[in-house]
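Chemist: missing the sequence, but the structure's below:
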Ligand SMILES: Cc1cc2nc3c(=O)[nH]c(=O)nc-3n(C[C@H](O)[C@H](O)[C@H](O)COP(=O)(O)OP(=O)(O)OC[C@H]3O[C@@H](n4cnc5c(N)ncnc54)[C@H](O)[C@@H]3O)c2cc1C
């Protein structure tokens with residue numbers, strides 16, 4: 001017999017987007033019953049995946065806690081939603097549970113791209129899935145038997161994975177078709193500094209040539225090498241293909257929801273789909289509009305998913321006009337060795353490619369003061385500024401305070417601040433914690449001088 005459930009809010013998917021929606025809705029609407037459905041008992045923290053293979057030393061160290069949602073009275077059902085009837089407002093799960101809902105949130109995320117390489121089926125070739133058993137198999141069986149790993153894709157996931165795996169003594173090479181690693185998010189001057197740190201860690205870099213095929217004995221033998229576009233052969237007995245993910249929009253397509261041209265479920269500023277105002281979509285499965293260009297942007301980040309989840313959660317049972325999605329900017333930070341680096345908004349290269357006339361303010365400062373303070377590191381800060389003085393983007397390289405300086409840049413871009421405001425930016429200063437003068441203020445001054453000299 002079919003089991004039936006009655007809830008106010010049904011969240012489909014329990015990654016950062018779904019969980020953030022669920023927690024926010026449970027907080028803002030405490031009288032409502034919120035149910036989150038996802039197949040995983042204990043979901044992985046996706047951003048922590050590369051660290052399983054080095055720093056964390058095990059999949060069980062990288063689990064997302066259910067406690068904050070449950071503490072707010074939320075309920076989790078480990079199951080998969082198979083069908084949705086938007087008119088009857090029901091969802092049917094694989095286990096045969098029929099759930100009646102008032103509001104539905106699709107937070108179904110992504111899955112790895114269908115891979116285009118000949119030889120992709122060979123033993124030893126793998127992708128990253130946000131799946132406990134898959135990651136455990138890689139950790140316990142695939143990597144311990146590998147002597148040399150080739151990572152195809154020099155974006156941030158490929159770079160982090162390579163650095164972590166190298167820590168366990170396996171030889172690692174990264175293959176990237178663009179002239180440098182990380183060029184989707186960073187300007188070349190930052191990318192080359194990260195490359196230098198990877199080379200110091202004895203990671204080999206093959207840039208400017210894409211992978212063509214995965215070679216081994218016969219048609220089905222284990223992988224032995226990656227053939228590059230220039231015919232070079234990179235030997236490897238394990239290959240990670242890290243070329244990005246595709247949106248999981250199966251349920252949305254079955255509902256005939258409008259899809260955005262750039263990909264993802266079309267959503268309005270409150271994360272609602274076009275056809276049914278009671279159906280929301282958040283996170284990687286949802287369309288994102290660039291804050292500055294007002295155009296579709298492929299920014300698939302947990303931080304973006306969580307921000308969208310907060311918007312959906314707040315507006316789930318009634319729109320709160322002051323809380324809406326004004327547009328997306330990618331903000332991201334990472335660390336290789338003891339070099340931290342991060343980016344927010346547009347690179348100078350991307351801005352110029354769009355036809356924007358920009359200047360780049362650039363400073364290098366000690367991150368504590370006086371510079372004799374133990375633990376002091378040099379920090380490089382770049383601000384990308386339009387001709388009118390508007391802040392468009394920023395990049396930071398340095399020590400442990402890098403991510404928070406970057407987050408301040410991200411906030412300034414979202415607040416539409418320009419160099420005229422940022423030069424007089426007031427901030428807290430302490431010898432052990434900050435630079436003597438804030439790098440953002442110094443960088444803004446540098447950019448302002450360049451604009452004045454024009
Ligand atoms: C290795 C790696 C490192 C990353 N590092 C970072 C980082 O440092 N910073 C950052 O901001 N981002 C990072 N990201 C990106 C980030 O992980 C994603 O942007 C984020 O997971 C998106 O969250 P989501 O909730 O939209 O989707 P997902 O995390 O993909 O979650 C989707 C959920 O939906 C469930 N689901 C799907 N279909 C159904 C169904 N029919 N019924 C029920 N449940 C369903 C899935 O099982 C899953 O629980 C990283 C990604 C990877 C792979």
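Modeler: The structure has been received and is ready for your questions. Bear in mind the structure is a predicted one, so any value in this text is a computation, not a measurement.

Chemist: would you quantify the distance from residue 454 to residue 389?
Modeler: Shown here: residue 454 relative to residue 389, a distance of 11 Å by CB to CB, to the nearest Å. (Each C-beta comes from the backbone N, C-alpha and C, glycine too.)

Chemist: check contacts around the residue of the stretch 101-250 of the chain found nearest the ligand.
Modeler: Among the residues of the stretch 101-250 of the chain, residue 109 lies closest to the ligand, at 2.1 Å counting by CB to the nearest ligand atom. Residue 109 sits next to 13, 15, 17, 130, 247, 248, 283, 284, 285, 305 when contact means CB atoms under 8 Å, 6 or more residues apart in numbering.

Chemist: so what's residue 57 scoring on pLDDT?
Modeler: Note on residue 57: pLDDT of 92.

Chemist: is the ligand contacted by stretch 391-407?
Modeler: No: if you take CB under 6 Å from any ligand atom as the test, stretch 391-407 misses the ligand, and the best it gets is 10.3 Å.

Chemist: for that stretch, list every residue counted as buried.
Modeler: Judged by neighbour count (16 or more other CB atoms under 10 Å), stretch 391-407 contains these buried residues: 391-399, 401-403, 405-407.

Chemist: ramachandran coordinates for the residue in the stretch 201-350 of the chain positioned nearest to the ligand?
Modeler: The nearest approach of the stretch 201-350 of the chain to the ligand comes at residue 283, 2.1 Å away (CB to the nearest ligand atom). In terms of degrees, to the nearest 10, the main-chain angles of residue 283 are phi 80, psi -160.

Chemist: sorry, back to before: most surrounded residue in the contacts of residue 109?
Modeler: residue 283 (34 neighbours; other CB atoms under 10 Å).

Chemist: could you say which helix or strand holds the nearest residue to it once chain neighbours are set aside?
Modeler: Leaving aside its chain neighbours, residue 283 sits nearest to residue 17 (2.4 Å; criterion: CB to CB, 6 or more residues apart in numbering). Here residue 17 sits within helix 16-28, counting by DSSP states H and E.

Chemist: any idea of the mean pLDDT in that helix?
Modeler: Rounded mean pLDDT across helix 16-28 is 98.

Chemist: so how far is the very next helix or strand once past that helix off the chain centroid?
Modeler: Once helix 16-28 ends, the next helix or strand along the chain (criterion: DSSP H and E) is strand 34-38. Distance of strand 34-38 from its chain centroid, counting by CA atoms, centre = their mean, to the nearest Å, is 23 Å.

Chemist: residue 357 and the ligand, how far apart?
Modeler: From residue 357 across to the ligand, the span is 30 Å (CB to the nearest ligand atom, to the nearest Å).

Chemist: how far away is that residue from residue 384?
Modeler: To residue 384, residue 357 is 11 Å away according to CB to CB.

Chemist: pick out whichever of the two has more residues nearby.
Modeler: residue 384 (29 against 10).

Chemist: ok, what's across the strand from that one?
Modeler: residue 360, residue 393 (DSSP bridges).

Chemist: touching the ligand at all, the helix holding residue 17?
Modeler: Yes: counting by CB under 6 Å from any ligand atom, the ligand has neighbours in helix 16-28: 16, 17, 18.

Chemist: measure stretch 3-21 end to end?
Modeler: From its first residue to its last, stretch 3-21 covers 25 Å (CA to CA, to the nearest Å).

Chemist: ok, back up a step: show me what contacts the residue of the stretch 201-350 of the chain closest to the ligand?
Modeler: Each residue near residue 283 by CB under 8 Å, 6+ apart is listed here: 13, 15, 16, 17, 18, 107, 109, 304, 305, 308, 309.

Chemist: at 10 Å what do you get?
Modeler: Residue 283 makes contacts with 13, 15-21, 105-110, 247-248, 264, 271, 300-302, 304-309, 312, as judged by CB atoms under 10 Å, 6 or more residues apart in numbering.

Chemist: please apply the same query to residue 325.
Modeler: Neighbour list for residue 325: 267-271, 282, 286, 288-289, 291, 304, 307-308, 310-312, 315 [criterion: CB under 10 Å, 6+ apart].

Chemist: who in the stretch 251-400 of the chain is up against the ligand?
Modeler: Selection of the stretch 251-400 of the chain residues close to the ligand by CB under 6 Å from any ligand atom yields 251, 283, 284, 300, 301, 302, 303, 305, 332.

Chemist: just to revisit the earlier point, check which helices and strands the helix holding residue 17 sits against.
Modeler: Applying 3 or more CB pairs under 10 Å, 6 or more residues apart in numbering; DSSP states H and E, one finds that helix 16-28 contacts strand 9-12, strand 34-38, helix 67-71, strand 75-78, strand 103-106, strand 279-281, helix 302-315.

Chemist: in CSV: those, plus mean pLDDT.
Modeler: Below are the helices and strands packed on helix 16-28 laid out as CSV (pLDDT from 0 to 100):
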stretch, mean pLDDT
strand 9-12, 98
strand 34-38, 98
helix 67-71, 97
strand 75-78, 98
strand 103-106, 98
strand 279-281, 98
helix 302-315, 97
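
Chemist: and of these, who's closest to residue 180?
Modeler: Set against residue 180 and scored by CB to CB, these come closest in helix 302-315, at 24.1 Å.

Chemist: so what does the closest one touch, helix or strand wise?
Modeler: strand 9-12, helix 16-28, strand 103-106, strand 279-281, strand 331-336, helix 402-414.

Chemist: skipping its backbone neighbours, what lies nearest whichever residue of the stretch 351-454 of the chain sits closest to the ligand in space?
Modeler: When scored by CB to the nearest ligand atom, the stretch 351-454 of the chain has residue 403 as its residue closest to the ligand, at 10.3 Å. If the residues on either side of it in the chain are set aside, residue 403 comes closest to residue 333, at 4.1 Å by CB to CB, 6+ apart.
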